[in-house]
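K.L.:
Sequence plus the predicted model coming up.
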Amino acid sequence: MHSGREMDWAELIAGLDDRSVTVIVETAQGQMNREVAKILRVTPARVTQMKRKIAGTITQAWGADALACAAHQPAWRMAMAR
């Protein structure tokens with residue numbers, strides 16, 4: 001399943017515009033909307049709008065639970081935190 005998800009992710013990224021990919025990459029690296037906005041020369045509110053559009057694209061491609069699954073911490077990581 002892991003390799004299938006990677007292929008799905010690569011396909012999804014390939015279908016996005018460069019600005020959307022920048023939002024995903026910078027967010028994944030821990031940048032806040034303010035920093036992403038500076039990179040893209042837009043407002044932080046616009047970054048929020050872009051994230052919502054990307055979330056809609058992901059939900060459409062992978063289903064309603066895709067974002068929740070992506071944000072869910074793996075069981076092994078939760079066990080290490082104890």
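P.N.:
Great, that's in hand.

K.L.:
okay, CA-based contacts and neighbour counts for the rest of this
P.N.:
Will do.

K.L.:
Which parts of the chain are helices?
P.N.:
2-14, 18-28, 33-40, 44-62, 66-71, 75-81 (DSSP state H).

K.L.:
Buried residues, the longest one. List them.
P.N.:
The neighbour-count check on helix 44-62 (16 or more other CA atoms under 10 Å) flags P44, V47, M50, K51, I54, I58 as buried.

K.L.:
average pLDDT for that helix?
P.N.:
Taken as a whole, helix 44-62 has a mean pLDDT of 93.

K.L.:
could I have it exported to CSV, CA atoms only?
P.N.:
Listed next in CSV are the C-alpha coordinates belonging to helix 44-62 (Å, rounded to 0.1, in the frame of the first residue of the first chain):
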residue,chain,number,x,y,z
PRO,A,44,-1.3,34.8,4.2
ALA,A,45,-5.1,34.7,3.6
ARG,A,46,-4.5,33.7,-0.1
VAL,A,47,-2.2,30.9,1.1
THR,A,48,-5.1,29.6,3.3
GLN,A,49,-7.4,29.7,0.2
MET,A,50,-4.8,27.8,-1.8
LYS,A,51,-4.5,25.2,0.9
ARG,A,52,-8.2,24.7,1.0
LYS,A,53,-8.2,24.3,-2.8
ILE,A,54,-5.4,21.7,-2.5
ALA,A,55,-7.3,19.9,0.2
GLY,A,56,-10.3,19.8,-2.1
THR,A,57,-8.2,18.3,-4.8
ILE,A,58,-6.8,15.6,-2.4
THR,A,59,-10.3,14.8,-1.1
GLN,A,60,-11.6,14.5,-4.6
ALA,A,61,-8.7,12.2,-5.7
TRP,A,62,-8.5,10.0,-2.5
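
K.L.:
Good, wrapping up.
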